[in-house]
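*Asks:* Quick check, what structure comes out for this input:
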Amino acid sequence: MRKIGAYIAGKNKYVSLAAERLTSPGQGKEVGPTLGANRSFLQGLYLAPSVVASSLKTAVFASRILEKLGYKVSPKYNEFRTDIVQKIEFNDPQKLIKFCVGIQKGSAIDSDSVPEPCDMPGYDDQIIMASGSFTQGSSIELSCDGPIRKPYIAFMQGGLTYEYGKIGVLRAIEEMIG
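*Replies:* Alright, predicted model coming up:
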């Protein structure tokens, strides 16, 4: 069911008919204008601190291991962070591409998809994007993208859980150096 909201005004008979049509038979206006979205909203508020912590922990893990492998990272694992994005400089287009492919392979959703660089509106260079997200376009879930241009930087972010993020990062490294 799509999560939507609405208010209907008019004669009681027509309001009831519209409510039945816009929700489901038997539910009508008893469901309310949020159609049950409050549960998801409140769940998000309760889970947000844990998800953000997992995302930051994933970024710190990626920063440390990739720095140990000789890649330039920003921020470094022990530096102050202002967001969840981890930059990794590969200096090689194939390593950037393989890293993104590995992030996709390590994802829970669409792990069989293979990201490829392509032209995108608003960008001068081809872009590669990897995201096996439960919610399309979600940047708090593990994802990675980057422009195919020197110095070939990946922008990785997210991880709903640290364990999921760690698996994705390790799979990406395996794909890249394997």
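*Asks:* number of nearby residues for Phe61?
*Replies:* Counted with other C-beta atoms under 10 Å, the neighbours of Phe61 add up to 18. Backbone N, C-alpha and C define where each C-beta goes, glycine included.
*Asks:* my bad, Leu170
*Replies:* Neighbour tally, Leu170, other C-beta under 10 Å: 15.
*Asks:* helices or strands up against the strand or helix carrying it?
*Replies:* According to DSSP states H and E, Leu170 maps onto helix 162-177. Judged by 3 or more C-beta pairs under 8 Å, 6 or more residues apart in numbering; DSSP states H and E, the packing partners of helix 162-177 are helix 37-68, helix 93-105.
*Asks:* what's that helix in contact with?
*Replies:* Residues from elsewhere that reach helix 162-177 (C-beta atoms under 8 Å, 6 or more residues apart in numbering): 53-55, 57-58, 61-62, 65-66, 69, 95, 98-103, 105-108, 132, 142, 144, 156, 158-159.
*Asks:* least reliable of the helices and strands packed on helix 162-177 going by mean pLDDT?
*Replies:* For those, mean pLDDT drops lowest on helix 37-68, to a mean of 91.
*Asks:* Please name every helix or strand in contact with that helix.
*Replies:* strand 72-74, strand 86-89, strand 153-157, helix 162-177.
*Asks:* re earlier: now do the helix holding Leu170 against helix 93-105, angle only.
*Replies:* Put simply, helix 162-177 runs at 150 degrees to helix 93-105, going by axes from the mean of the first three to the mean of the last three C-alpha atoms, to 10 degrees.
*Asks:* In which helix or strand does the closest residue to Ile127 other than its chain neighbours reside?
*Replies:* Distances taken as C-beta to C-beta, 6 or more residues apart in numbering place Met120 nearest to Ile127, at 4.9 Å, with adjacent residues excluded. Under the criterion DSSP H and E, no helix or strand holds Met120.
*Asks:* Report the separation between Met120 and Asp145.
*Replies:* Counting by C-beta to C-beta, to the nearest Å, the gap between Met120 and Asp145 amounts to 10 Å.
*Asks:* Repeat that for Gly122.
*Replies:* From Gly122 to Asp145 the distance is 13 Å (C-beta to C-beta).
*Asks:* and these two? which has more neighbours close in?
*Replies:* Neighbour count, other C-beta under 10 Å: between Gly122 and Asp145, Asp145 has more, with 20 against 5.
*Asks:* Sort out which residues of the helix holding Leu170 are buried, please.
*Replies:* Tyr162, Tyr164, Gly165, Lys166, Ile167, Gly168, Val169, Arg171, Ala172, Ile173, Glu175, Met176 (16 or more other C-beta atoms under 10 Å).
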